[in-house]
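>>> need a 3D model of the following:
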Amino acid sequence: MRPPPPLRLEPRASRVGRLLVAAGSVATAALVGSLPLTAACKLGAGAAVAGATLAGIRACAGRGVPALLLVGVDRRIVVWRRDGRSKAGAILDSTYVGARLTSIVWRPDEPGGGWRIVLPPRTLLLLADSLPPEDFRQLRVVLRYGRPPAPGPGTSGVAAS
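As a prediction, this is how the structure comes out:
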């Protein structure tokens, strides 16, 4: 029996994501402003909050949103960036699937020897308004019930250590 084709998703910028990042940034800036710190510390913390705000908005609603996602039931993913480059990888078990929010945690298939283990996995945050409702439902089903392929007949199925 052949596995179904991978799910093809084209996420778009999330308004809710923008609002959440902006609200969190305003709250953090207000907290930093109310702390008894020197002006230099407040300025440094304000710059850090501004940088985190820009990075968060870029990830949710800017160029950080992938142009195309291919998600297979074998827990494989291909992420196409807006500049045309793509990376394939494996979806990890720490992926969260909820009714309004899905965070896909994945590790690219990059050769790198031992550094591959040290580098942190990548995360894609998808809110319900970034995909059409039917696509978001299909993504949740694939992520919840998809399984990695079974090991071949010549392997024990146990990860090498």
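
>>> quick check: next helix or strand after the helix or strand of the chain with the lowest mean pLDDT?
Here the helix or strand of the chain ranked lowest by mean pLDDT, DSSP states H and E is helix 115-118, holding a mean of 67. Using DSSP states H and E, the helix or strand that follows helix 115-118 in sequence is strand 122-127.

>>> so what secondary structure elements neighbour the helix or strand just after that next one?
Using DSSP H and E, the helix or strand that follows strand 122-127 in sequence is helix 133-145. Judged by 3 or more C-beta pairs under 8 Å, 6 or more residues apart in numbering; DSSP states H and E, the packing partners of helix 133-145 are strand 7-9, strand 68-71, strand 96-97, strand 101-108. Just so you know, the C-beta spots here come from the backbone N, C-alpha and C atoms, and that holds for glycine as well.

>>> CSV for those, including distance to residue 127 and mean pLDDT?
Supplementary listing: these in CSV, determined by distance: least, C-beta to C-beta, whole Å; pLDDT from 0 to 100:
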stretch, distance to residue 127, mean pLDDT
strand 7-9, 13, 95
strand 68-71, 14, 96
strand 96-97, 12, 95
strand 101-108, 6, 93
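
>>> residue 50: which of those is closest?
Nearest to residue 50 among those is strand 101-108; the distance by C-beta to C-beta comes to 24.1 Å.
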